[in-house]
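# Provide a 3D model corresponding to the input given below.
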Amino acid sequence: MPGLASSVARLTPGCSSGAGSREGGENGLRIPDYDLVRRIGAGAYGEVWLARSAATGVLRAAKIVWRRRFEDDRPFQREFEGIQRFEEVSREHPSQLALFHIGRNDASGYFYYLMELADGLEVQSPKSKVQSPAAFEGPDTGAEAGVGKSYAPHTLRADLAQGRLPAARVLEIGLALTEALDHLHRHGLVHRDVKPSNVIFVNGRPKLADIGLVTDASDQCSIVGTEGYLPPEGTGTPQADLFALGKVLYEALTGLDRRQFPRLPPEIRAWPDARLVFELNESILNASAADARQRFQSAEEMHSELALLRRGQSVRRRRLWNQRLRALQGIALTTTTLLLVAAGGALLWQKWRRAPIPLSAPGPAEALPGTRNTVAYEAYKSGLSAMRRCNLAGYRRAHECFTGATKADPQFVSAYAGLFQTYLMDEDYDLHDPPPGKTEQLTNLPAILMRLAPTNAETHAALAIERFLNDWNWSAAEQEFKQALYLDPNCRMALTYYGYFLTRQRRADEARPLLEHALKMDPESPLITKFLGHCDYVQRRYGKALRLYQHASDYDYSYPGSHYWAGRANLALTNYEAALVEFEEHEIRQGLLAESLQQHYRALHAAFQKDGPPGVWRKYLEEFNDDKARAPYWYAECHARLGDKAEALAGLEEAVKQRDTVDNLLVDEIWDDYRKDPKFKECLKKVGLLPWAH
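Now for the predicted structure:
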């Protein structure tokens, strides 16, 4: 599955500390290898700058912490040690704000760290829209004339300036931030200043910023934090972080100031999401209780309760039954009759606990995969039928039908999910001529799904696909796949593409049961059958893989993708004549001109008859006319098969730049002998596949 266009920002880790330092800020502030574009934030101890790599142009956020703003050396040193500890865990989990480099300049009296840049708000427009950091990348024109001039970070505080958020959105933010705090606390660290302005969005995901305040949970440090978010006992503990998070969620849910906690707006019962608001408020009251003994004891406990709400269960009803059970159990100590009643109550509670409770009627804010619009539903059914044809005509028809369904009902979640899959058709089915605007739609459609149905499994599956194809952010993608299957273990899109995702990392033993499950749901799917073939291919069982690829063709003779991979399996088995036949069949199924194809493949067969396999690859290279930019990955593979390692690596470097098929670097057997080469490892690192190159 070839990669998508590079319009989305890439988190390329690291920056050197060598030559190329740039100046800016106060007192000749210097960050090695970075231009400081302009200051975008300030606090009591430091400031945040928009920083651009002098080498790559990638934008980061640079936090500068000044020694002179501390009364003595100890708190300054404690902040530096805290950031060093956090750096070790910042890239372990997608919930954390990733740090890329830490440094200090004792001569000038500051330390700094470079981190992920928040999504941007276009502040020049009255209708502010969230933009990714990639939207600000461009030529090195300076702060005043070019990049970053209108950048402002997207924070939760900016969102709350527009009013309260939908309860479903608050729930998703709570789940993400409890996950982040749980990961932080498990490493013995606490945040100490959780508040809306310190919640930023990176590629749409909420993360905790101002990590300079992170410190060891055992540190006896001075009180820090922000008034209104501090618990009575003070900050510096995991429970204090949860207290502050409860206040943050209170503000987001109600639109009120945290100092008004626990008051609720008088008009709350008229809100369309009132049922979920009341449920969420139960968890918020627990998180921010004045008595620490009444609060959640851990971020994990709070996350688990919020997860119950996401599954449609009722926190309020659960607590009511717990109270009744405790009362019954107390009375049961004095009477056998009441003991039996308590047992019956426990069984009844188990029944209630297992039964999902809809928190509100389906509506635009919490759209379910259905519609009451008959025109939209008929178009959607036609789209499903067309998509099963697995050929270009079918997918064009499916795209037309799903587009029509979304126009007839703009809240129709499943129609958007189907439309998203049609934009994957050239990857899935190796077809030419995909729908126009594909790259933009593969970014836009997950955002639409997230807005309409943030707790829908297909939403998270689409986010996962976009994140590993667009961003090469494999860890974030895997979390989204897991979230999708947590919401719906039978989500076919999640099962199918998570299986594919795992084969790119050669994790075939994990991929196979997912794909087998998906195939049980759709027993004649050529796509899923092909992906199952990939499991054997990456384990170098080419004969088994070939049989599955051929089996995929049996389901649908017009399906091109199975022929392409059958050709690759034959190459691995050194069956060159059979491989060329499959490659030709693959292109015929795409509707390419038969006459030109026949001439092309006659020439390839003749080259093989004359010079064997090298003749085939030299013939392919003749067609390139040394223009490796046309198809750099194939160019690199041709040179690799001819034993020209230098040209092969040069082609791969170009393929990485163009995002051409490089998610296959661990799949294609031709690169097995390259894995120890430093240049090849650098390519793997850029693509994000290095951790699995063993």
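
# For the stretch 151-300 of the chain, which segments are assigned as strands?
189-190, 199-202, 205-208, 215-216 (DSSP state E, counting those that start in this stretch).

# got it, and the stretch 401-550 of the chain?
Assigned by DSSP E, counting those that start in this stretch, the strands in the stretch 401-550 of the chain number zero.

# Low-confidence ranges, it, go.
425-439 (pLDDT under 70).

# Of the strands of the stretch 151-300 of the chain, which is nearest residue 301?
Closest of the strands of the stretch 151-300 of the chain to residue 301 is strand 189-190, at 16.2 Å (criterion: CB to CB). The way it works is simple: take the backbone N, C-alpha and C, and place the C-beta from them, glycine included.

# Can you spell out which helices and strands pack onto that closest one?
helix 73-90, strand 215-216, helix 238-254 (3 or more CB pairs under 8 Å, 6 or more residues apart in numbering; DSSP states H and E).

# so who does the residue nearest to residue 198 when sequence neighbours are not counted touch?
Setting aside the residues directly before and after it, residue 198 is nearest to residue 210 in space (CB to CB, 6 or more residues apart in numbering), at 4.4 Å. Listed by CB atoms under 8 Å, 6 or more residues apart in numbering, the contact set of residue 210 reads 43, 193, 198.

# Filter those residues down to the ones in helices?
Of the contacts of residue 210, none are assigned to helices by DSSP state H.

# With distance to residue 387, pLDDT and neighbour count as extra columns, can I get the residues you listed in CSV?
CSV is the format used below for those (distance: CB to CB, whole Å; pLDDT from 0 to 100; neighbours: other CB atoms under 10 Å):
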residue, distance to residue 387, pLDDT, neighbour count
43, 52, 72, 16
193, 49, 87, 23
198, 44, 90, 22
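
# dump the residue contacts of residue 582.
Contacts for residue 582 (CB under 8 Å, 6+ apart) come out as 563, 564, 566, 567, 570.

# can you give me the offset of the helix or strand that contains the last one from its chain's centre?
Residue 570 belongs to helix 560-572 when assigned by DSSP states H and E. Taking the mean C-alpha point of helix 560-572 and that of its whole chain, the gap between them comes to 30 Å (CA atoms, centre = their mean, to the nearest Å).

# before we move on, back to that, please report the distance of the residue nearest to residue 198 from residue 287.
Distance from residue 210 to residue 287, counting by CB to CB, to the nearest Å: 20 Å.

# ranking the contacts of residue 582 by neighbours, who comes first?
Counting by other CB atoms under 10 Å, residue 566 has the largest number of neighbours within these, with 27 neighbours.

# wait, doesn't it sit right on residue 547?
No: taking contacts as CB atoms under 8 Å, residue 566 lies outside contact range of residue 547: 9.4 Å.

# could you say what helices and strands the helix holding residue 570 packs with?
Packing partners of helix 560-572 (3+ CB pairs under 8 Å, 6+ apart): helix 425-429, helix 526-538, helix 542-555, helix 576-589.

# Among the ones you listed, which comes closest to residue 86?
Taking CB to CB, helix 526-538 is the member of the helices and strands packed on helix 560-572 nearest to residue 86, at 35.5 Å.

# What lies in contact with the closest one?
For helix 526-538, using CB under 8 Å, 6+ apart, the contacting residues are 390, 428-429, 496, 499-500, 503, 506, 508, 511-512, 515-516, 518-519, 522, 542, 544-549, 551-553, 555-556, 559, 561-562, 565, 568-569, 572, 666-667.

# same thing but 7 Å
Applying CB atoms under 7 Å, 6 or more residues apart in numbering, the contact partners of helix 526-538 are 390, 428, 496, 499-500, 503, 506, 508, 511-512, 515, 518-519, 522, 544-545, 548-549, 551-552, 555-556, 559, 561-562, 565, 569, 667.

# same thing with stretch 616-633?
With contact meaning CB under 7 Å, 6+ apart, stretch 616-633 is reached by 576, 603-604, 607-608, 635, 638, 641-642, 651, 654-655, 658, 660-662.

# which of those tops the neighbour count?
Top of these by neighbour count (other CB under 10 Å): residue 655, with 27 neighbours.

# looking at it, residue 690 is touching residue 681, isn't it?
Yes: in this structure, residue 690 is within contact of residue 681 by CB atoms under 7 Å, at 6.3 Å.

# Point out where the stretch 151-300 of the chain drops to low pLDDT.
Residues of the stretch 151-300 of the chain that meet the criterion pLDDT under 70 lie in 211-225.

# can you pull out the helices in it?
Ranges of helices in the stretch 151-300 of the chain, per DSSP state H, counting those that start in this stretch, are 156-160, 167-186, 238-254, 274-287, 299-310.

# out of those helices, which comes closest to residue 266?
Among the helices of the stretch 151-300 of the chain, the nearest to residue 266 by CB to CB is helix 238-254 (11.1 Å).

# For the closest one, C-alpha coordinates in CSV please.
Extracted C-alpha coordinates of helix 238-254, given in CSV (Å, rounded to 0.1, in the frame of the first residue of the first chain):
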residue,chain,number,x,y,z
PRO,A,238,-1.1,11.9,41.3
GLN,A,239,-4.5,12.6,43.1
ALA,A,240,-3.8,16.4,42.8
ASP,A,241,-3.4,16.0,39.0
LEU,A,242,-6.8,14.2,38.9
PHE,A,243,-8.4,16.9,41.0
ALA,A,244,-7.2,19.5,38.5
LEU,A,245,-8.4,17.4,35.5
GLY,A,246,-11.8,17.1,37.1
LYS,A,247,-12.0,20.9,37.2
VAL,A,248,-10.9,21.1,33.5
LEU,A,249,-13.6,18.7,32.4
TYR,A,250,-16.1,20.6,34.5
GLU,A,251,-15.3,23.8,32.6
ALA,A,252,-15.5,22.0,29.2
LEU,A,253,-18.8,20.3,30.1
THR,A,254,-20.7,23.2,31.6
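
# for residue 170, what are its contacts?
By CB under 7 Å, 6+ apart, the contact set of residue 170 is 249, 252, 253, 280.

# who wins for most neighbours among these?
Busiest of those [other CB under 10 Å] is residue 249, holding 28 neighbours.

# Pretty sure that one sits against residue 174.
Yes: if you go by CB under 7 Å, residue 249 and residue 174 touch, sitting 5.2 Å apart.
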